[in-house]
Each structure stands twice: as structure tokens, then as C-alpha cells.
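Engineer: Show me the folded form of this:
(2 chains)
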Amino acid sequence: MGAYLVKKLFLLIPLLFGITLLTFILTKSLPGDPVSGMVGERAQPEVIERIRNEIGADKDVFRQYFGYIKLLLQGELGRSYYTNRKVFDDLILKFPNTLKLALGAMSIAIPVGLFLGFLSAYKRESITDRMITSLSVTGLSIPVFWSGLLLMLFFSLTLKLFPPSGTGDMKFLILPSITLSLPALATLARVTRTTLLEIFDLPFVTVTRSKGIAEVKLITIHVFKNALIPIVTVIGLDFGSYLNGAVLTETIFGWDGIGRFTMEGIIKRDYPVIMGCIITSTLIFVLINTVVDIVYHYLDPRIRLHEKSR
Amino acid sequence: MKRAGKISVALLVVISLCSLFAPLISQYDPDRIDLDAIKEPPSSKHLFGTDNKGRDIFSRVLYGGRISISVALIAAFLSMGIGLIVGLCSGYFGGKIDTAIMALVDLILSFPSFLLAIGISIIFPPGIYTVMIAIAAVGWASFARLIRGYILTLREASFVEAARALGCSNIRIVFVHLMPQCIPLTLVIMGLKLGGYILTEASLSFLGLGAQPPTATWGSMISANRVYISLAPWMVFFPGLMIAVTALCCNILGDNLRDRFDVKIKE
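Structural biologist: Residues are numbered from 1 along each chain as shown, chains lettered A, B, ... in the order given. Now for the predicted structure:
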């Protein structure tokens, strides 16, 4: 296990290099002077000088790239053009809200998605199955900024059950969580269904069934265990991408997280803010995916054995 | 093809034709401001109502469809073209080029795709070309990965060996012998991805990175009109409905194509 962990973390290094290289290229390609792009136009001259030395705007591209990494390691993502605040500080400030929303969305998506997936696999080819399947395709096709607005129109503006927008307690959290959970729920239901159906056809299911096990027990214990890997993958991917701040959902509901921060950056063309959000989010995303990989290892003895045999 | 698939194709054809022949269908200029008819609800005169400047929503939805659909389609063809060529070469030639290309593909796929698209589109001034470039720059990677994987299984096939024995050049083998083999797979990936591209186009337009006002696209109409949601919900409802229906039809079509060609796709 230890060796596996080390190997996984070791594999992260080239990936992180690649990611920073790509964001470096993006940053270099932005219109305007990269240094004033990082610190803002109103920065003190000595700060500009320091950054200029650090990223070595006068040196060759390689040195510039390593300077850029050095700045990133110090948590220096530059300052917003408009507020002159450090992007990193704002990101830390807004992260808890994004985390809350991500958890809210996942706590709806996981049980509902799993339930629907189970139900439609269990009642394969029935009307229920067909209805759930079409619902999940629909869920994948509806833009969140539209479903969010419709939910807001119905539940907040017409029924006045929830506040239409803002950041705060449970009341504020429910509508954006539902909105955000819809695509995740749809994906999860789909993946659960296909995975379960594949497993249903495996010989061990027939054997277990022929031993006279209760159908419910067969599905919830024997089949589900084998279906965990793709399900965990989907959950991990969705959770990882929600931690990026759901740009669209947070914007619609005025939820003060990383996503809305990104959106504000885009509207004002506040490059340090946008790039800061992208870098941080990608790092979080990659880390979550690595964690998911490690979780597999725990979940599935087959993977563990496979690793050992190599 | 199943019934749902046929209905989807029919709907997609209808939506595309309506957008294409928008001037024949709607009598209103999509950008003409009519201050005597502000925020009118849907009626026989204005089928989908009017917006805060008195512009006809039906007409704007039709003209907006031209941009939204064509941007998504062109982006899809760009992704497909790049992904197909890169995947073919990478899979067939292998070696260092293959390693390098696949490292780049893995890198792109390890990003949250929507954020990467945002990152790429802020480099350029907002507009329809920016959106196309952003979608294609992210989208080609999954095409390339899947096609490369497929080519790896074909590379040692006897028909390739036969072609080589007959003295075909590598270029000829790749483009004349192998490329046609990829058509079903490419079609399926395209079908599965197109709905997502429609949504990405709409989302980028919603964020203001696409076509600029007064030009209408489905996404930008929603973002411009969302402040009026309680007073004039039709201003938001109809453009969103068009996005959802179009994306839905594409997704159903994609699923149908996959079942039809019996292609297993795992990402």
C-alpha cells in the first residue's frame, strides 16, 4: 500500500509540471504586459520590479517558467486589477462556500442517482426503466443556467419558499444544490444502470442466485460491490469539478464562491483572477482524481493484486 | 434506429432548417428595437413574446440558432479533424511522437474541460471564432485518444500487412486504408460529443465570451435577459428550451449511433 501511494504521488509530479506549463503558456498569451497582468496596474514600483526579476521577463523562456513555478509555490497568484487584493487570499476566503455547495449537490446527487440507477437496472426494459433512462438523458442536456433560473422562478419568485439569491445558510443553499446536482445525478444514474446491467450478466450472479439468495441482498451486496469502481469514478469526477466552483450555478444564484469569482473575473477581463481560479481549480481537480485512484486501491482487491503481480 | 432516435433527427432537421430559413419564417428583424412593444407576453403576433427592447424573441431565437448550431457544429468538425489525424498518426507510427502526443492528450484531459475552455477563450477577443477555437482546442483530445486506441488494434491487421507488402507508402496506408475504418467510431464519438458542444457553446456565450450584443445566441439571450425572469419569464424560457431540446436530440442521436454501431467507448 505504501509503495503504491508513493508511486501515485510520484506520478503527480510530471502532471503538475504539465499543468503549470500549460497555464504558463496561457498566461503568456494573454493580451498586455504579463507583469502588470500579475500584480495589477496600481502596484508599487518595487513590487513590479520584484516580480519582474522573479519571473525574469528579460530572461529566456525557461527561466521565466521556473520563476513562475517559484511564485506559484509561494501562493503568489497576482493581484486583481480592480480590487488590488491578492487573488490567493480571495480564493481562500471563497473556498468554504464552494465546498458547501459541492457537498450540498453531492448529498442530493449520490443517493438519488444511485437509487434511480438501481431501480432502472432492476426493472430492466420496463416502463420505469425507460422513464428513468429518458430522464437522465434529459438531465444531461439541460443547461444549468436555465434549470437554475426556472427553479428560482418557481420556488423563490412564485412560491416564495426560498430566497432567490445570495450566500448563507440552508435556505440559500437548497436551490443551487439542486440545480448543480441535476447533471451529476443524471450521469450517476446512467453509469450505475449500465454497470449493474453488465454485472447482472456475469456467471457469479447466476451462481449466487441459484443458491437461493434474496434478490435484494444479491443486488445490494454482491452486485453493488462489483459496481463500485465506475460509480466512485463518476462521483469523484463530479465532486472534483464542483470544487472548481460551479461557474454557472454560482453566478445564477449569487453564491459567493470560486465560481462566481471566476465569472466576475471574466466579465471585467481581470486576468490574474481568471488565471488564479483556473490554476487553483485544476490543482484541486487533479488531487481529487488522485485520491479517487487511491480509493480504488482500497475498494478493489483485484486492482491490488494486479499491481502486486506486476 | 429506434423511434426516439428518428424523432431526434427529425427535430434537429426542423430546428436547423428553421434557423437557416429564419428570414422566411419570421417577419421581424431580430435586432430591430420596438419601444412600443416592450416585454410583451407570447401572443399570435409575437409567438415567443418580446424582450426589454421590444425585439421579437421568436425571431432572435431563430437567428440565434444559426450561430449556436453552426458554432457547435464547426467546433465538432474541427475537433474531429484534428483528433482523427493526430490519433491516426500517433497510433500508426508510435514511438516518441506517440508518447509526446499522448502526454499532451492526457494533460488536456486532466484539466476540468470547461475551465480550460474559459482559459483559452480569454486569450482572444470575445466572438464566435473564439468559442470555436476554445471548444476544439479542448475537444480534439478525446477524439485523438479513442482513435489512437482503435488504430492500435488495427495496426497489425492482415489488411494493413497486405497493403504494406504491395508497397503502399505509410501515408497511403494511414489515409486510404486505415482512415475509412475509423468512420463508424468517429461518427459515434461525434454524436456523443455534439450535445456537450451545444451546451459548452451556450455556456461560453452565457459568460459573455461568444458573439457580442446585439447579435443573439441562445446562451447570451439567457444571460442578458435573466434579470427579467420574474417579470417576463418567456425572455429566458424559450432560448433555454431551444438549447435543451437541441442538446437532448443530439444526445439521444449519439446513444442511438453507439448502439447501432455497437461501439464500446470508455473514457
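Engineer: contacting residues for B:F206?
Structural biologist: A:P143, A:F145, A:L248, B:G219, B:S220, B:I222, B:S223 (Cβ atoms under 8 Å, 6 or more residues apart in numbering or on different chains). Placement of C-beta: from N, CA and C, glycine included.
Engineer: In helices, which of those residues fall?
Structural biologist: Taking DSSP state H as the definition of helices, the contacts of B:F206 contribute A:F145, A:L248, B:G219, B:S220, B:I222, B:S223.
Engineer: right, and the last one touches B:L209 too?
Structural biologist: Okay, so that is B:S223. No. At 10.5 Å, B:S223 does not count as touching B:L209 under the criterion of Cβ atoms under 8 Å.
Engineer: can you give me the helices in chain B?
Structural biologist: Using DSSP H, helices in chain B cover B:3-20, B:22-25, B:57-93, B:95-110, B:113-121, B:128-154, B:158-165, B:170-172, B:183-206, B:218-225, B:234-261.
Engineer: Can you tell me which of those is most buried?
Structural biologist: helix B:218-225 (a mean of 26; mean count of other Cβ atoms under 10 Å in any protein chain shown).
Engineer: Can you give me every residue that contacts residue 191?
Structural biologist: Looking at chain A here, since you left the chain open. Contacts of A:V191 by Cβ under 8 Å, 6+ apart are A:G117, A:P230, A:I231, A:V234.
Engineer: that's the wrong chain, I wanted chain B
Structural biologist: B:C250, B:L253, B:G254, B:D255, B:N256, B:L257, B:R258.
Engineer: ok, and the closest non-adjacent residue to it?
Structural biologist: Take B:G191 and drop its neighbours on the chain: the residue closest to it by Cβ to Cβ, 6 or more residues apart in numbering or on different chains is B:G254, 3.4 Å away.
Engineer: any idea how far B:R260 is from that neighbour?
Structural biologist: Going from B:G254 to B:R260 by Cβ to Cβ, to the nearest Å gives 11 Å.
Engineer: re the thing from before, what is the nearest of the contacts of A:V191 to A:S181?
Structural biologist: Within the contacts of A:V191, proximity to A:S181 (Cβ to Cβ) peaks at A:V234, which comes in at 12.9 Å.
Engineer: Geometric centre of chain A: which residue is closest?
Structural biologist: The centroid of chain A falls nearest to A:S241 when counting by Cα atoms, centre = their mean (1.2 Å).
Engineer: quick one on the thing from earlier: nearest to A:G212, of the helices of chain B?
Structural biologist: Closest among the helices of chain B, using Cβ to Cβ: helix B:234-261, at 34.8 Å.
Engineer: how big is the angle separating the closest one from helix B:183-206?
Structural biologist: 170 degrees (axes from the mean of the first three to the mean of the last three Cα atoms, to 10 degrees).
Engineer: Now do helix B:234-261: which elements does it pack against?
Structural biologist: Helices and strands touching helix B:234-261, as assessed by 3 or more Cβ pairs under 8 Å, 6 or more residues apart in numbering or on different chains; DSSP states H and E, comprise helix A:127-141, helix A:144-151, helix B:3-20, helix B:57-93, helix B:183-206, helix B:218-225.
Engineer: returning to what we had before: select from the contacts of A:V191 the one having the most neighbours.
Structural biologist: Among the contacts of A:V191, A:G117 has the most neighbours (other Cβ atoms under 10 Å in any protein chain shown), with 26 neighbours.
Engineer: Nearest residue to B:D36 in space, please, no chain neighbours.
Structural biologist: For B:D36, the spatially nearest residue (Cβ to Cβ, 6+ apart) is B:G54, at 6.7 Å.
Engineer: Tell me the pLDDT of that neighbour.
Structural biologist: pLDDT recorded at B:G54 is 76.
Engineer: got it, and B:E201?
Structural biologist: 93.
Engineer: ok, now which ones touch the closest residue to chain A within the stretch 51-200 of chain B?
Structural biologist: Scanning the stretch 51-200 of chain B for the residue nearest chain A gives B:L107, at 4.2 Å (criterion: Cβ to the nearest Cβ). Going by Cβ under 8 Å, 6+ apart, B:L107 touches A:L15, A:G18, A:I19, A:L22.
Engineer: Please repeat the previous calculation with a cut-off of 7 Å.
Structural biologist: A:G18, A:I19, A:L22 (Cβ atoms under 7 Å, 6 or more residues apart in numbering or on different chains).
Engineer: same check, this time on A:P183
Structural biologist: Neighbouring residues of A:P183 by Cβ under 7 Å, 6+ apart: A:G139, A:L140, A:V144.
Engineer: tell me the angle of the one helix or strand it maps to relative to helix A:144-151?
Structural biologist: Counting by DSSP states H and E, the element that carries A:P183 is helix A:170-200. Here the directions of helix A:170-200 and helix A:144-151 differ by 120 degrees (the same axes, to 10 degrees).
Engineer: In helix A:170-200, which of the residues would be classed as buried?
Structural biologist: A:172-193, A:195-197, A:199-200 (16 or more other Cβ atoms under 10 Å in any protein chain shown).
Engineer: The residue nearest to the centre of chain A and chain B: what is the separation?
Structural biologist: 5 Å (Cβ to the nearest Cβ, to the nearest Å).
Engineer: Report how many residues lie close to A:G75.
Structural biologist: Neighbours around A:G75, by other Cβ under 10 Å: 13.
Engineer: so it makes contact with A:V87?
Structural biologist: No. Here A:G75 does not reach A:V87: they are 9.6 Å apart, not a contact under Cβ atoms under 7 Å.
Engineer: report the longest helix in chain A, please.
Structural biologist: Max-length helix for chain A by DSSP H is helix A:87-122.
Engineer: what angle do it and helix A:127-141 make?
Structural biologist: Using the same axes, to 10 degrees: helix A:87-122 against helix A:127-141 is 160 degrees.
Engineer: how about helix A:87-122: buried residues?
Structural biologist: For helix A:87-122, by 16+ other Cβ under 10 Å, it's A:87-88, A:90-91, A:94-95, A:97-98, A:100-102, A:104-106, A:108-110, A:112-114, A:116-122.
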